[in-house]
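task: produce atomic coordinates for the following.
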Amino acid sequence: MRSREVTQGVPAAPRRSLMFATGMTRSQMDGPIVGIASSFTDLIPGHVGMRELERSIEHGICTGGGAPRVFGVPAICDGIAMGHVGMGFSLPSREVIADSVECVAEGHQLDGLILLTNCDKITPGMLMAAGRLDIPCIVVTAGPMFAGVHGQRRLDLVRDTFEAVGKHAAGEIGDEELLCLEENACPGAGSCSGMFTANTMACVTEALGMSIQGCASAAAVSGKKKRIAFDSGKRLVELIHEGLTARHFMGPAAFRNAIRVDMALGGSTNTALHIPAIAHEAGVPLPLDAFDEISRATPHVASMRPGGDHFMEDLERAGGISAVLSVLKEDLESAPTVTGMDVTQIAAESEVIDPEVVRTRETAYHDEGGLAVLKGSLAPEGSVVKQTAVPPEMRHFEGKARVYDSEESAMKAILDKQINPGDVVIVRYEGPTGGPGMREMLGPTAAIAGMGLSSSVALITDGRFSGGTRGPCIGHVSPEAADGGPIGLLQEGDRILIDISERKLDLLVPEDELKRRRDAWQPRPPKVTKGYLARYASLVSSASTGAVVSPAT
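Predicted coordinates for the structure are as follows:
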């Protein structure tokens, strides 16, 4: 065990003395010391219930014969950070989380980790740390909240608050209705109730084999979630004794299985950033094109919010991720899971409880999966769209570019009703480097949907989208404007072609004109010149490779 470096022998006397001061016993020092990396905070609804889960995990670790030790990890709520300077810190916080877990685990030579997480960037950051450290790890996602209720309607954060802003601007709802929606859309603890980024990543984590079976969809406030937390703690001690580390589970087949489940669920476009970043830390090559290849061969069998009408509580009732695996069992590759079963065995032994929530291949909502990777003269290295949330009439679209160099200027134009049917809203200089931080564009996309324009207006950005985005919204355009990508050469009125079926995203401008613009292009001064974001911007890679931070050269 790694902790013996800290606890054993005469030279360890000073270290043991400090550990005695924390209340540890000598017998605990002889067994596994397990870190509980907890992202508890009062700031985020997805994390406010974690104190109880920490206790359940501790009980499980103690039952298994380990010594639990809790430490904190930072967490940012994307919904609260949305639409202002705070969103610039959201994606970069993923790297801070991975680094924080690494620092504590290595500094104290912990034998294993329970990674207690829930929301958008925290879960991938935890998994990145697991892949990097390659010690025994289990992820406990804290679970989704229940849907909100207003009259006879079930509510979620995106449709009923973000999109309500657009409806309010269009005069469809008044102040009183908006106030009722904002008070009822998020009823309590848990991650937001649809298949947004937090819940998509929870589902991906279970499919990857890094969570106990049933973890992804078990509600945050349920006794089931506490039992899963207990079982995770107990099982982690077994993994330590068995010598099974994170990379044992996070192999190439496991990542492909996780993408299959993601595609079947119609999950967040953010997974095209996070899964490659996790794979990078685990030493597994995973190009962006893998998403498109798997999506073409995977049916979309669960129509969840924001594109559909089902909530996480519906997926739980239908059998959870195990039910989805059972539908995909013919395509799954053999891969071990922390549960102790191979993922193919879980699929074979599971069934769908509600065939409307999780459909068969024959009755799938769409023949292809949730995401599509578009390339072309506007995105030579690729871009990402949630194709299952695009109206059929917008899958092939040609429109006029309306060019904005920031999210704020685009949002103002939308709310001031300056955007018309046939327009393609371009939001650039919002990529990993140019943002910096690659802000989500849920405000503009939700406003477009709320104003009834999602069947006639597209939005393209080198930034990214919330898992709650729906409509013809294309993100992660690479190379980004700040790196001299074609999106930085666009001018007002240029014609743009979007063809999702053919996977095309083209700028319809003659090559000689593009060359003239390219020769005249000059890089812009960085928006941020101090602090963490300045360092991040100097080190971050393209969105097409997961926006990972590499060591300075």
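
can you give me the pLDDT of residue 550?
Predicted confidence (pLDDT) for residue 550: 77.

so how far is residue 432 from it?
12 Å (Cβ to Cβ, to the nearest Å). From N, CA and C alone the C-beta is placed, and that goes for glycine too.

between those two, tell me which one has more neighbours.
Comparing residue 550 with residue 432 by other Cβ atoms under 10 Å, the one with more neighbours is residue 432, at 31 against 10.

remind me which residues of this protein are low pLDDT?
551-553 (pLDDT under 70).

nearest residue to the middle of it?
Centroid check for the chain by Cα atoms, centre = their mean gives residue 197 as the closest residue, at 4.0 Å.

and it, what is it in contact with?
Taking Cβ atoms under 8 Å, 6 or more residues apart in numbering, we find residue 197 in contact with 78, 119, 120, 268, 270, 271, 466, 467.

in helices, which of those residues fall?
Within these, residues falling in helices by DSSP state H are 78, 271.

before we move on, back to that, ok, and the closest non-adjacent residue to the residue nearest to the centre of the chain?
residue 467 (3.4 Å; Cβ to Cβ, 6 or more residues apart in numbering).

need phi/psi at the one you found.
Per-residue torsions, residue 467: phi -60, psi -20 (degrees, to the nearest 10).

test my guess that it contacts residue 121.
No: in this structure, residue 467 is not within contact of residue 121 by Cβ atoms under 8 Å, at 11.5 Å.

hey, where'd the strands end up in the stretch 351-500 of the chain?
Under the criterion DSSP state E, counting those that start in this stretch, strands of the stretch 351-500 of the chain are mapped to 371-376, 379-386, 396-404, 423-427, 458-461, 473-478, 495-499.

between those, which gets nearest to residue 6?
strand 473-478 (42.4 Å; Cβ to Cβ).

what helices or strands is the closest one leaning on?
Judged by 3 or more Cβ pairs under 8 Å, 6 or more residues apart in numbering; DSSP states H and E, strand 473-478 is in contact with strand 379-386, strand 458-461.

helices or strands next to the last one in the packing?
In terms of contacts (3+ Cβ pairs under 8 Å, 6+ apart), strand 458-461 is packed against strand 423-427, helix 442-450, strand 473-478, strand 495-499.

among these, show me which one is buried the most.
Greatest average neighbour count among those goes to strand 473-478 (a mean of 29), per mean count of other Cβ atoms under 10 Å.

okay, the contacts of residue 197 in CSV with neighbour count and distance to residue 526 next?
CSV is the format used below for the contacts of residue 197 (neighbours: other Cβ atoms under 10 Å; distance: Cβ to Cβ, whole Å):
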residue, neighbour count, distance to residue 526
78, 26, 23
119, 29, 28
120, 33, 25
268, 32, 28
270, 28, 24
271, 26, 28
466, 29, 25
467, 28, 28
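
turn the contacts of residue 197 into CSV, including distance to residue 505.
What follows is these, written out as CSV (distance: Cβ to Cβ, whole Å):
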residue, distance to residue 505
78, 25
119, 30
120, 25
268, 19
270, 19
271, 19
466, 20
467, 21
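
which elements pack onto the lengthiest helix in the chain?
Longest helix in the chain, counting residues (DSSP H): helix 223-242. In terms of contacts (3+ Cβ pairs under 8 Å, 6+ apart), helix 223-242 is packed against strand 33-38, helix 50-64, strand 112-117, strand 137-141.

and those as a markdown table, adding distance to residue 175 and mean neighbour count?
Output for these, formatted as a markdown table (distance: least, Cβ to Cβ, whole Å; neighbours: other Cβ atoms under 10 Å):
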| stretch | distance to residue 175 | mean neighbour count |
| --- | --- | --- |
| strand 33-38 | 39 | 26 |
| helix 50-64 | 35 | 21 |
| strand 112-117 | 37 | 28 |
| strand 137-141 | 36 | 31 |
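
quick one, which of the ones you listed is nearest to residue 202?
Distance to residue 202, taken as Cβ to Cβ, is lowest for strand 137-141 among these, at 3.9 Å.

other residues contacting that closest one?
53, 57, 112-118, 123, 126-127, 130, 191, 201-202, 205-206, 210-212, 215-216, 228-229, 232, 235-236, 239, 245-246, 338.

follow-up on the earlier one: the residue nearest to the centre of the chain and residue 229, how far apart?
Residue 197 sits 22 Å away from residue 229, going by Cβ to Cβ.

again with residue 30
As judged by Cβ to Cβ, residue 30 and residue 229 stand 25 Å apart.

so between those two, which is more surrounded?
In this view residue 30 and residue 229 are compared by other Cβ under 10 Å, and residue 229 has more residues nearby, 30 against 15.

which residue packs closest to that one, ignoring adjacent ones?
The shortest distance from residue 229 to any non-neighbouring residue, by Cβ to Cβ, 6+ apart, is to residue 56 (3.8 Å).

I'd say that neighbour and residue 226 touch.
Yes: if you go by Cβ under 8 Å, residue 56 and residue 226 touch, sitting 4.5 Å apart.

can you give the contact residues for the strand or helix carrying residue 279?
Element membership of residue 279 [criterion: DSSP states H and E] is helix 271-281. If you take Cβ under 8 Å, 6+ apart as the criterion, helix 271-281 is touched by 91, 94, 98, 123-124, 127-132, 197, 200-201, 204, 250, 255, 258-259, 262, 285-288, 291, 371, 373, 384, 438, 464, 476, 543, 545-548.

would you put the C-alpha positions of that helix in CSV?
The C-alpha coordinates for helix 271-281 follow below in CSV (Å, rounded to 0.1, in the frame of the first residue of the first chain):
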residue,chain,number,x,y,z
THR,A,271,-18.7,15.3,-23.6
ALA,A,272,-16.7,15.9,-26.8
LEU,A,273,-14.4,18.0,-24.7
HIS,A,274,-14.4,16.0,-21.5
ILE,A,275,-14.2,12.3,-22.6
PRO,A,276,-11.0,13.0,-24.8
ALA,A,277,-9.5,14.9,-21.9
ILE,A,278,-10.1,12.0,-19.5
ALA,A,279,-8.8,9.6,-22.1
HIS,A,280,-5.7,11.7,-22.5
GLU,A,281,-5.0,11.5,-18.8
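
the next helix or strand along the chain from it: which residues count as buried?
Sequence-wise, the next helix or strand downstream of helix 271-281 (DSSP H and E) is helix 289-296. Across helix 289-296, burial judged by 16 or more other Cβ atoms under 10 Å covers 290, 291, 292, 294, 295.

which one of these is nearest residue 311?
Nearest to residue 311 among those, with distances taken as Cβ to Cβ, is residue 295, at 23.2 Å.

distance of the residue nearest to residue 286 when sequence neighbours are not counted from residue 295?
Leaving out its chain neighbours, the residue that sits closest to residue 286 by Cβ to Cβ, 6+ apart is residue 279, at 3.9 Å. According to Cβ to Cβ, residue 279 and residue 295 sit 17 Å apart.

same question, residue 255
Distance, residue 255 to residue 295, by Cβ to Cβ: 14 Å.

repeat that for residue 510.
On the measure of Cβ to Cβ, residue 510 and residue 295 end up 33 Å apart.

coming back round to it: so of the helices and strands packed on strand 473-478, which one's packed in deepest?
By mean count of other Cβ under 10 Å, the helices and strands packed on strand 473-478 have strand 458-461 as the most buried, with a mean of 28.

what would the buried residues of helix 289-296 look like in TSV with distance to residue 318?
What follows is those, written out as TSV (distance: Cβ to Cβ, whole Å):
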residue	distance to residue 318
290	27
291	25
292	27
294	22
295	22
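
tell me the one of these nearest residue 505?
residue 292 (12.6 Å).

my guess is that closest one contacts residue 372, does it?
Yes: taking Cβ under 8 Å as the definition, residue 292 is a contact partner of residue 372 at 6.1 Å.

quick revisit: okay, angle between the helix holding residue 279 and helix 289-296 too, please.
Put simply, helix 271-281 runs at 130 degrees to helix 289-296, going by axes from the mean of the first three to the mean of the last three Cα atoms, to 10 degrees.

tell me the angle of helix 271-281 relative to strand 473-478?
If you take the same axes, to 10 degrees, helix 271-281 sits at 40 degrees to strand 473-478.
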